[in-house]
Each structure stands twice: as structure tokens, then as C-alpha cells.
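Student: model this:
(4 chains)
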2 protein chains.
Amino acid sequence: MLKAERQNYILNKLFEEKKVITTNLASALDVSEDTVRRDLNELDHKKLLKKVYGGGILIPEKSVDVFNIHINAEEQKKKIVTKALTLLHDGQVIIMSGGTTNLVFAKLIPEDLQATIYTYSLTIAMQLSQHPNIDLILIGGKMQKNAMVTIGIDVIQVLSKIKADICFIGASSINLKQGLTETGYEVSIVKKAMIESSDRVVSMFASNKLNTKMPHSVCDLSQLDTIVTELDPDDYRLEDYRKSGVFVL
Amino acid sequence: MLKAERQNYILNKLFEEKKVITTNLASALDVSEDTVRRDLNELDHKKLLKKVYGGGILIPEKSVDVFNIHINAEEQKKKIVTKALTLLHDGQVIIMSGGTTNLVFAKLIPEDLQATIYTYSLTIAMQLSQHPNIDLILIGGKMQKNAMVTIGIDVIQVLSKIKADICFIGASSINLKQGLTETGYEVSIVKKAMIESSDRVVSMFASNKLNTKMPHSVCDLSQLDTIVTELDPDDYRLEDYRKSGVFVL
DNA sequence: TTAAATATTGCAAATAAATGCGATTTCAGC
DNA sequence: GCTGAAATCGCATTTATTTGCAATATTTAA
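Tutor: Below you'll find the model as predicted:
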């Protein structure tokens, strides 16, 4: 029997029975336990099973990964969004875009805030569903899969009917001349609509987004009311933005 | 029994019952209490549970982590939904309700299926966003927070405009006289709308839902085309359902 | 085809892990 | 602070794994 055959047998057995036992395999395959262990080690190394003391088990589901959202530079983001918490008040109608910065923001929204929040981001909606006092409306539409947000005409339509007090908008890129810009066309359109529907527009982003540019325009700097970064508002890198009239938090 | 299996058992028990008792586990697993304690210590150390005097409990923050979805009796559900996979075909327009059974279904939908899927469940939408060939539309509306689904007039309105080939509908309860019934009024309304919009109605559920009843009616048995349980279609417990004309898979 | 290089396998000894038991300590609740 | 239940500790036993090594088998290149 070929080694490959043997390993196939082991994997089949594993799928059938959810586990394999070293000693059983050894006698079933009529090879020594050492050989079986070596096979198990190889398969484990190839991530085809998980070797455990006494045998092997199925690899713990990898498809649940969708729900395992990784937040880059979480500490920095916490610093940013904490500043923005002061902008929240009871009774507000709020629109939130997607992105992990907004997700961190959502996590830190105080338990007792009573507000209505619209979002088209699935992750943000899931996070906010933890807040008992928030009236949460998820804006539906076609899913933009990688970003876990809805996009398209349906989203625009809903947004056009809202009148919000404030919106929190993530940013791919910002610079003095073009203002906010986005990688994707569809997202840029949705963000435009968000801005249209909001009395006050707040954008939160890390300072490395400053003075960068993406293909699709969202809005001028003049349409932003407040920007929030991890920098001190007096930082020289923000000077030009302050001068342009936007409030720097 | 492998140590890994045992620890899995403990974790499952924990998610199901929110706590585990050392002595109970010892007798259920037929090992000494010391072994159980050692397992609990390991799991505690891996932050998979919190060991307390007398047993273990869910980790306080983990249990409120919205993104950590626990699927009860996953194996049973896999068995159910695997049967239903045969109902899928390229080009279909599909509506899916929420629930963990449908979530398991979503996970098992083949990579290469080309279809349009409508859902108002955030978890299902997130799961399906893994599938490159599925056109995914999330139906927006007010969030029903505990279930992670949208509900209300907006959902009904969108559903009323769809014409789907097939819908997959979870079930809280089913019995011969009242048909499908639900715990919540709002969800029952949404499910009614789903059924209205679909040519074919499929309900998947575990056999323990058979012959139970909840306050809010969804539909008669006659409106269901197919039901899928983990039982053999010939099982005597399904006999009356078969006789009523519904197809039992 | 043959010889050297390489890979696979089984064995034995050494090592490590898992488990249960008794003695002792800690804990929760009165 | 007392008491019984639960946890910890140390230890012995069992069981599984690792490692080095030698015997085969398989591949590679001349």
C-alpha cells in the first residue's frame, strides 16, 4: 500500500468518524504505530487534520472565519473613536458607514445612549445589536461581499429618504484638493448619499490616510464638518485641514 | 475517548447549558473528577471558558461577542441540510430565512452554485458572502436584535416584490393542524411574506420541532412543498405529514 | 542496468502526557 | 469558625510520542 493511499484512508476515516485513533489505524492498515504517527504529523502539517494525543480530529471549522473580524491597529482606532464619542447625544438620528474604525466606534458607544442608527454595514449592525437602547435600521441592498456592506440603488433610495443629525463616515483617502476619495465607485456613491442626508458629517481615520488619493470622489473637504484622527488637533500635519475650515477633533 | 473529544464535549455542553458541573461531567464522561478539573483548567487557560468553584461558566465577554455564533447540534443540522442541497440548481432565485439551521445550510452550499439569494438574516448574509458565484441581496429593515434579522414593513415590502423559485424557511414549530408557527409575531409576518413570494417552499428543522406549537401562525402544512428533517423519510413520526401531501425529504 | 542517493518503515529505548488515587488544602455557606 | 464539598498537590501507573538507528524499498543519474 502506498503512503498516499494510506493517508487517504486516514482522511476518509476521519471524515466518516470525526476522529481517528492511532492504534486502530495501525492495526487496520497493518503498519506500525510509528508510521501512522508520521502520517498524522504530515497531515497535520498540511492542515488536513489536527493531531492530538492518541490520534487525530477534524480541523476546527474554518468557515466560521467570516465572523472573525480582524481589526488592524485597534489601539490606534480606539484612540480616534474615543474622541468622537463626545459627538453622540441622546435622541440623535445617526448614519454610520462601514469599516473597522466605525466598528471600533460601535463597540465603544455607551450602553445607555438612546439613538436611532442607520447603517448599511453588516458588521456594524451586528455589533450595534448589542446595544439595548439603540433603534437599529439596517439598510438593505446588494451585498458588496468583501466589505460586508450593502450597495446599489436600494441603499441610495433609503438614504435619500432619511434626515439624520450626524453621520460617521470612514475614509479610504483624504487630501486637501479632492477631499474624500474611495477605491470603489459604488461605495463612493453610497457615501455621497449619506452625506446628503446628514446635517453634520464626521469622518474618522488614521493619519496615514491624510494626503492620499483614490479614484472615486466622495465629497469636498468643505462638505465635512469634523475630522477625527489619532493626532493631536494642533499637529502640524493637520494644519492645512484646519485652515480649510473643517473642525479637527 | 480522546482528550480533545472530551474537551469538545465540555465546550458544547457549556454553550448549551451556560454552565458545566465538574461532578456531572465526570460521571457523564466516565473519567475522574481530577481529569475533568484538569480539562477545565486547560480550557480556562485557553480562554474558552471560565473555571469556577464547582465547574465552569461561559466567559463573560465571549458570550456577548456578537460575532461568535454558536450552532447547537451542528452535526444533526448538517445531516438535515445536506439532504436539501439537492434542491439547489444554477440560476435559481432563492429566499432564505434566518436561524442556525439555515446558517449551516449556507455553509454547505457548493462553491460553484450560481444563484441569486435574498435573505434578511445578517449571519446568513455574512456566511454567503463567502460564495463567489452567488448574487446576494440583503433585505434591510429594523433589526430584531436577538435573532440578527431584519423585520418590519420594509422587509415585507421588498419580499412582496420578489418572485423566487424556492425559499428555505426555518421552523420554530410544526404540527399537523396549525402548520408552521412562530414565537414572534413579526417574524411570523415576514415568513408569511417569504412564502407568498416563492414558487416552492421548503422547511428544514430537527424532528424535535415536530408536533409542537407556538403562538403565531405562519402557514398551513398545505402551503409547504417540502420538509426536511434528520429522520429517514419513511420514519413513522413523519407518516402523518407524508399523508397530508407534503413531500418529505 | 547499476550504483548511489533518498525515502520509507519498524524497532527499541528514552521521553512525555494523561490519568487516577490518596493526602492535604481551600472554599462556600451556614 | 465549622463542615462538607470541591480543588490542589504529589505520586505511581499506564499509555502515547519522540528519537536514533538499521533494514528495505524507491528513485535518480550515469
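
Student: off-centre distance for the biggest helix by length in chain A?
Tutor: In chain A, assigned by DSSP state H, the helix with the most residues is helix A:3-17. From the chain centre to the centre of helix A:3-17 is a distance of 37 Å (Cα atoms, centre = their mean, to the nearest Å).

Student: buried sites along the very next helix or strand once past that helix?
Tutor: Using DSSP states H and E, the helix or strand that follows helix A:3-17 in sequence is strand A:19-21. By neighbour count on 16 or more other Cβ atoms under 10 Å in any protein chain shown, the buried set for strand A:19-21 is A:19-21. Using the backbone N, CA and C atoms, a C-beta is placed for each residue, glycine as well.

Student: measure the most far-flung residue of chain A relative to its centre to DNA strand D for me?
Tutor: Distance from the C-alpha centroid of chain A, by Cα atoms, centre = their mean, peaks at residue A:30 (49.9 Å). In this view, residue A:30 and DNA strand D are 14 Å apart by Cβ to the nearest atom of the strand, to the nearest Å.

Student: so for that residue, what's the pLDDT?
Tutor: Turning to residue A:30, the model gives it a pLDDT of 92.

Student: write out the residues of chain A neighbouring DNA strand D.
Tutor: Counting by Cβ under 7 Å from any atom of the strand, the positions of chain A adjacent to DNA strand D are A:22-23, A:33-34, A:37, A:41, A:51-55.

Student: show me which of those residues are buried.
Tutor: The neighbour-count criterion (16+ other Cβ under 10 Å) marks A:22, A:37, A:51-52, A:54-55 among the residues of chain A next to DNA strand D as buried.

Student: show me the contacts for the residue nearest the centre of chain A.
Tutor: In chain A, the C-alpha nearest the mean C-alpha coordinate belongs to residue A:100, at 4.4 Å (Cα atoms, centre = their mean). By Cβ atoms under 8 Å, 6 or more residues apart in numbering or on different chains, the residues touching residue A:100 are A:69, A:71-72, A:77.

Student: who touches the longest helix of chain A?
Tutor: Under Cβ under 8 Å, 6+ apart, the answer for helix A:3-17 is A:20, A:25, A:28-29, A:31, A:35-36, A:39-40, A:42-43, A:48-49, A:56-58.

Student: got the residues of chain A near chain B?
Tutor: Contact residues, chain A versus chain B (Cβ under 8 Å from any Cβ of the partner chain): A:19, A:21, A:50, A:52-55, A:57, A:63-64, A:66-69, A:120, A:122-123, A:125-130, A:132, A:135-143, A:145-146, A:148, A:150, A:154, A:158.

Student: PyMOL command for the buried members of those residues?
Tutor: Remark: buried members of the residues of chain A next to chain B, expressed as a PyMOL selection using 16+ other Cβ under 10 Å:
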select buried, chain A and resi 19+21+50+52+54+55+57+64+66+67+120+122+123+125+126+127+128+129+130+136+137+138+139+140+141+142+143+145+148+150+154+158
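
Student: what does chain A put close to DNA strand C?
Tutor: Counting by Cβ under 7 Å from any atom of the strand, chain A sits next to DNA strand C at A:3, A:6, A:30-32, A:34-35, A:38-39, A:53.

Student: still on that earlier bit, quick one: which two of the buried ones among the residues of chain A next to DNA strand D are the most distant?
Tutor: Of all pairs drawn from these, the greatest distance, 11.7 Å, lies between A:37 and A:52 (Cβ to Cβ).

Student: a markdown table for the buried ones among the residues of chain A next to DNA strand D, including secondary structure?
Tutor: Formatted as a markdown table, these follow (DSSP: H, G, I helix; E, B strand; the rest coil):
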| residue | secondary structure |
| --- | --- |
| A:22 | helix |
| A:37 | helix |
| A:51 | strand |
| A:52 | strand |
| A:54 | coil |
| A:55 | strand |
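
Student: got a list of what the residue nearest to residue A:41 when sequence neighbours are not counted touches?
Tutor: Nearest residue to residue A:41, sequence neighbours excluded (Cβ to Cβ, 6 or more residues apart in numbering or on different chains): residue A:51, at 6.2 Å. Residues in contact with residue A:51 (Cβ under 8 Å, 6+ apart) are A:40-41, A:43-44.

Student: hey, where'd the helices end up in chain A?
Tutor: A:3-17, A:22-29, A:33-45, A:74-84, A:100-108, A:122-128, A:153-160, A:185-196, A:239-243.

Student: which parts of the second one are buried?
Tutor: Put plainly, it is helix A:22-29. A:22, A:25-26, A:29.

Student: residue A:240: neighbour count?
Tutor: Using other Cβ atoms under 10 Å in any protein chain shown, residue A:240 is surrounded by 13 other residues.

Student: state the distance from the residue nearest to it when sequence neighbours are not counted to DNA strand C.
Tutor: Closest residue to residue A:240 apart from its sequence neighbours, by Cβ to Cβ, 6+ apart: residue A:176 at 5.5 Å. Distance, residue A:176 to DNA strand C, by Cβ to the nearest atom of the strand: 59 Å.

Student: now do the contacts for residue A:176.
Tutor: Contacts of residue A:176 by Cβ under 8 Å, 6+ apart are A:211, A:221, A:240-241, A:244.

Student: ok, now with 7 Å
Tutor: Residues near residue A:176 by Cβ atoms under 7 Å, 6 or more residues apart in numbering or on different chains: A:221, A:240, A:244.

Student: how much space between the closest residue to residue A:98 other than its chain neighbours and DNA strand D?
Tutor: Nearest residue to residue A:98 in three dimensions, chain neighbours excluded: residue A:121, at 3.4 Å (Cβ to Cβ, 6+ apart). Going from residue A:121 to DNA strand D by Cβ to the nearest atom of the strand gives 42 Å.
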